[in-house]
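**Q** The sequence isn't on hand, but the structure is:
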């Protein structure tokens, strides 16, 4: 969802094409907000200084500035400023391709920087950044030797309640009766995604750190070549966990990714330390339009706070017709219909939207439990 400003006539500055929007093309931040908030006033208060950008270098690799937020992905070329729109760009001069390079200016870059700060506050206040949903140890201390059936054995992990989560295997244990390294094959939708090397210790229950994160649709299979392990044949309840589903499987096939896996209900000698977090990047990418009211309220609230503090000491408020006492009321008073009150109201409504998205409770006073589970 694009975020920018509607055309207005408070400033002679021409914003770049990425910033100029209408209500039909994105979230327009200067529409329906406090009258103090104009493009000209924003530019009067935002830090300007002597912004310096490097000349275009034909041998350098450039990336999408909107993703990298790296100043080096904005270049000077023939007295113009250009913003890179794609990743891994090299040898393409800015003036030669408008699909790769966007003509911009310092004022547009300043406003984009302020938008990023607003987005960061919105994400932080919604408690979306790496929000922990669940954390579990899933294992058993096996005592009985057991030759795993078929060609491959492993566990399946799937998100539960919402696809907008990231599952992280912090640690993995393998109670195989060997001290030789064992490959753990990571498979998603029939494709071999990765291979993790595990180091069993002759059946001793020992967790090793892997910190492997994954997200996306479908089943994620973590499989090994079937071999002898220690197990207690503990029963597995795959639906007992918040945020994810997991269960053992065995597979028959020539390769781990082409094998046909079938559900099992007893442990396979593998143990996991699992964390599940909200995948805020993808969630916001596809749902930001649902938070338009909150984002605009956050933008208004933060901007008026900046006008009040004048933290960059660039503007004389009285010359811009801005009254300090009115700013104080707008940013402090929660009884009148002020910017502060509207912000906290929209924050509450936005949290309600989030709670409807996930199967776990994500309210203001929610917590999480770290459990040790024996399967």
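**A** Cool, the structure landed. Keep in mind it's a predicted model, so treat the numbers as computed, not measured.
**Q** so the most centrally placed residue in the chain is in which element?
**A** The chain has residue 281 as the residue nearest its centroid, 2.6 Å off, counting by Cα atoms, centre = their mean. Under the criterion of DSSP states H and E, residue 281 resides in helix 280-287.
**Q** distance between the longest helix that the chain contains and the chain's centre?
**A** In the chain, taking DSSP state H as the definition, the longest helix is helix 106-125. Centre-to-centre, helix 106-125 and its host chain are 16 Å apart (Cα atoms, centre = their mean, to the nearest Å).
**Q** And for stretch 119-129?
**A** Distance of stretch 119-129 from its chain centroid, counting by Cα atoms, centre = their mean, is 10 Å.
**Q** same check, this time on stretch 46-55
**A** 29 Å.
**Q** again with stretch 151-164
**A** With Cα atoms, centre = their mean as the basis, stretch 151-164 stands 20 Å off its chain's centre.
**Q** can you check stretch 78-91 too?
**A** Offset of stretch 78-91 from its chain centre (Cα atoms, centre = their mean): 25 Å.
**Q** what do you get for stretch 63-73?
**A** Relative to its parent chain, stretch 63-73 has a centroid offset of 17 Å by Cα atoms, centre = their mean.
**Q** Please apply the same query to stretch 128-143.
**A** When C-alpha coordinates are averaged (Cα atoms, centre = their mean), stretch 128-143 and its chain have centres 20 Å apart.
**Q** Quick check: residue 301 touching residue 340?
**A** Yes: between residue 301 and residue 340 a contact is recorded at 6.3 Å, counting by Cβ atoms under 8 Å. Backbone N, C-alpha and C define where each C-beta goes, glycine included.
**Q** what do the two both touch?
**A** Both residue 301 and residue 340 are in contact with residue 331, where contact means Cβ atoms under 8 Å, 6 or more residues apart in numbering.
**Q** Look at the two and report which has more neighbours.
**A** Using other Cβ atoms under 10 Å as the criterion, residue 301 and residue 340 rank with residue 301 on top: 25 against 20.
**Q** From residue 257, how far off is the more buried one?
**A** Noted for residue 301: a distance of 50 Å to residue 257, by Cβ to Cβ, to the nearest Å.
**Q** Ok, residue 147 next?
**A** Noted for residue 147: a distance of 23 Å to residue 257, by Cβ to Cβ.
**Q** And residue 208, by the same measure?
**A** The spacing between residue 208 and residue 257, counted by Cβ to Cβ, is 24 Å.
**Q** Show me the shaky parts of the stretch 51-200 of the chain.
**A** Residues of the stretch 51-200 of the chain that meet the criterion pLDDT under 70 lie in 129-130, 161.
**Q** As a check, name the ranges of all helices in it.
**A** 65-68, 106-125 (DSSP state H, counting those that start in this stretch).
**Q** For the first one, name the packing helices and strands.
**A** I take that to be helix 65-68. Judged by 3 or more Cβ pairs under 8 Å, 6 or more residues apart in numbering; DSSP states H and E, helix 65-68 is in contact with strand 80-84.
**Q** So what touches the strand it packs on?
**A** By Cβ under 8 Å, 6+ apart, the residues outside strand 80-84 that reach it are 16, 18, 53, 56, 62-66, 73-76, 94-95, 100-106, 109.
**Q** residues contacting residue 14?
**A** Per Cβ under 8 Å, 6+ apart, neighbours of residue 14: residue 105.
**Q** no no, residue 239
**A** Contacts for residue 239 (Cβ under 8 Å, 6+ apart) come out as 160, 245.
**Q** Quick check: pLDDT value at the nearest residue to residue 334 once chain neighbours are set aside.
**A** Nearest non-adjacent residue to residue 334, counting by Cβ to Cβ, 6 or more residues apart in numbering: residue 341, 5.1 Å away. With respect to pLDDT, residue 341 has a value of 96.
**Q** do you know how far residue 60 is from residue 123?
**A** For residue 60 relative to residue 123 (Cβ to Cβ), the value is 31 Å.
**Q** Neighbour count: those two, which is higher?
**A** It is residue 123, of residue 60 and residue 123, that has more neighbours when counted by other Cβ under 10 Å, with 19 against 13.
**Q** okay, now residue 131: neighbour count?
**A** Counted by other Cβ under 10 Å, the residues lying close to residue 131 total 20.
**Q** Equivalent analysis for residue 182, please.
**A** Neighbour number of residue 182 under other Cβ under 10 Å is 16.
**Q** Contact partners for the nearest residue to it once chain neighbours are set aside?
**A** What sits nearest to residue 182 in space, not counting adjacent residues and going by Cβ to Cβ, 6+ apart, is residue 198, at 4.8 Å. By Cβ under 8 Å, 6+ apart, the residues touching residue 198 are 172, 174, 181-184, 208, 224.
**Q** let's go with 10 Å and repeat that
**A** By Cβ atoms under 10 Å, 6 or more residues apart in numbering, the residues touching residue 198 are 172-174, 176, 181-184, 208, 210, 224, 270.
**Q** Let me know whether residue 287 touches residue 356 as I believe.
**A** No: the criterion here is Cβ atoms under 10 Å, and residue 287 misses it with residue 356 at 11.1 Å.
**Q** Looking at these two, which one has more neighbours?
**A** Neighbours were counted for residue 287 and for residue 356 using other Cβ under 10 Å; residue 287 has more, 14 against 7.
**Q** list the buried ones in stretch 12-31?
**A** Using 16 or more other Cβ atoms under 10 Å as the test for burial, stretch 12-31 gives 15-16, 18-21, 26-30.
**Q** Farthest pair within those?
**A** Within the buried residues of stretch 12-31, 16 and 27 form the most distant pair, 16.7 Å apart (Cβ to Cβ).
**Q** Tell me which residues touch residue 70, please.
**A** Contacts of residue 70 (Cβ under 10 Å, 6+ apart): 62-64, 84.
**Q** Taking the residues you listed together, which two end up most distant?
**A** Greatest spatial distance in those: 62 and 64, 8.5 Å, computed using Cβ to Cβ.
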